[in-house]
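[1] coords please:
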Amino acid sequence: MPINLPKDLPVIEKLRNENIFVMDLERAHTQDIRPLEVLIVNLMPEKEKTEHQLLRLLGNTPLQTNVTFLRMASYQPKNVSSSHLEQFYVTFDAIKDRRFDGMIITGAPVEQMPFEEVAYWPEIVTLLFWAKTHVTSTLSICWGAQAVLYQEFGVDKEPLPKKCSGVYPHTLLTPHSALVRGFNDTFLAPHSRYTTVSYQEILKQQQLEVVAVSQEAGVFLVQSKDQRHIMATGHLEYDATTLQDEYLRDVAKGIAPEVPANYFPGDDPTKNPSNTWRSHTHLLFSNWLNYYVYQQTPYDWSKS
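    Reported below is the predicted structural model:
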């Protein structure tokens, strides 16, 4: 949250130059406060695990947030009960006349398919078009990030020679971005995907800015310069054991996956992994919710 200071206090400019968020008292007194409305488009197969991961992060800020879960009307997930979906999820028709301060689009296990061949792709296209006038800022993850880059900015995904799975070091390219405020210059984040996006193709898009990259895992954080889209190609929201669960699942299927890189102690999958990215996960979500949603969204949508 910002520091509230008297207007024209000389140190304000110095603090702003250091990228410290300050607000003069005149602005603070005119601010109205209400709960933020966040729409979560949960495309992950194990929906309840993803719910837990995301709600933990949204709940770790001083901002009051109302959450609505959205499911695809054109697709019936196999790993969640229909009663859970009916009770806790809505379809687009139920929310199309509402406005949301923030939206999160998760990953999905469809990344090796062309976008247009995904059963619910028309719904994603409709949702992104609707969001232009109904959502202040969207945070998209893994396949969700690739879908936004493709649909909104014309950057297609590219196949990798082998699955990118593990925990990789990343470097900040724009350390003064509000999105990564408080981040170390280098930090760790998990990835789990078979495709990537081209750094060079993103650079061609004047509306986009690459915030963080990994020498091994490629582009990680991208934001649109109008701050309406934040795209993370990895999974900072993952628990310590999520990559382990995926690895053991693939072993059980007979896929013979490679051991996730830089993950198990000594690369030994019989040992329990540690969460080495937790602090930056909380920073990313709190920065997005504060600077890109709370500070940008209108208090009264009817007047926007």
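
[2] In the chain, where's the longest helix?
    For the chain, the helix with the greatest residue count under DSSP state H is helix 121-134.

[3] those helices in the stretch 1-150 of the chain, which residues are they?
    For the stretch 1-150 of the chain, the helices defined by DSSP state H, counting those that start in this stretch occupy 11-17, 25-30, 47-58, 82-88, 92-95, 121-134, 143-153.

[4] right, and these - which one's nearest residue 281?
    With CB to CB as the criterion, residue 281 lies closest to helix 47-58 of the helices of the stretch 1-150 of the chain, at 6.5 Å. C-beta: built from backbone N, CA, C; applies to glycine.

[5] Average pLDDT for that closest one, rounded please.
    For helix 47-58, the per-residue pLDDT values average out at 88.

[6] Tell me the buried residues in that helix?
    47, 49, 50, 51, 53, 54, 57, 58 (16 or more other CB atoms under 10 Å).

[7] Repeat that for stretch 270-288.
    By neighbour count on 16+ other CB under 10 Å, the buried set for stretch 270-288 is 273, 277, 280, 281, 282, 283, 284, 285, 286, 287, 288.

[8] Residue 225: which of these is nearest?
    Each of these was checked against residue 225 using CB to CB; the closest is residue 288, at 15.4 Å.

[9] what's near enough to touch the residue nearest to that closest one when sequence neighbours are not counted?
    Distances taken as CB to CB, 6 or more residues apart in numbering place residue 139 nearest to residue 288, at 5.3 Å, with adjacent residues excluded. By CB atoms under 8 Å, 6 or more residues apart in numbering, the residues touching residue 139 are 102, 103, 104, 105, 230, 232, 285, 288, 292.

[10] Which member of those is positioned nearest residue 269?
    Taking CB to CB as the measure, residue 269 sits nearest to residue 232 out of the contacts of residue 139, at 25.7 Å.

[11] how far does the longest helix of the chain sit from the chain's center?
    17 Å (CA atoms, centre = their mean, to the nearest Å).

[12] just stretch 154-166 next, same as before
    For stretch 154-166, the distance between its averaged C-alpha position and the chain's averaged C-alpha position is 18 Å (CA atoms, centre = their mean).
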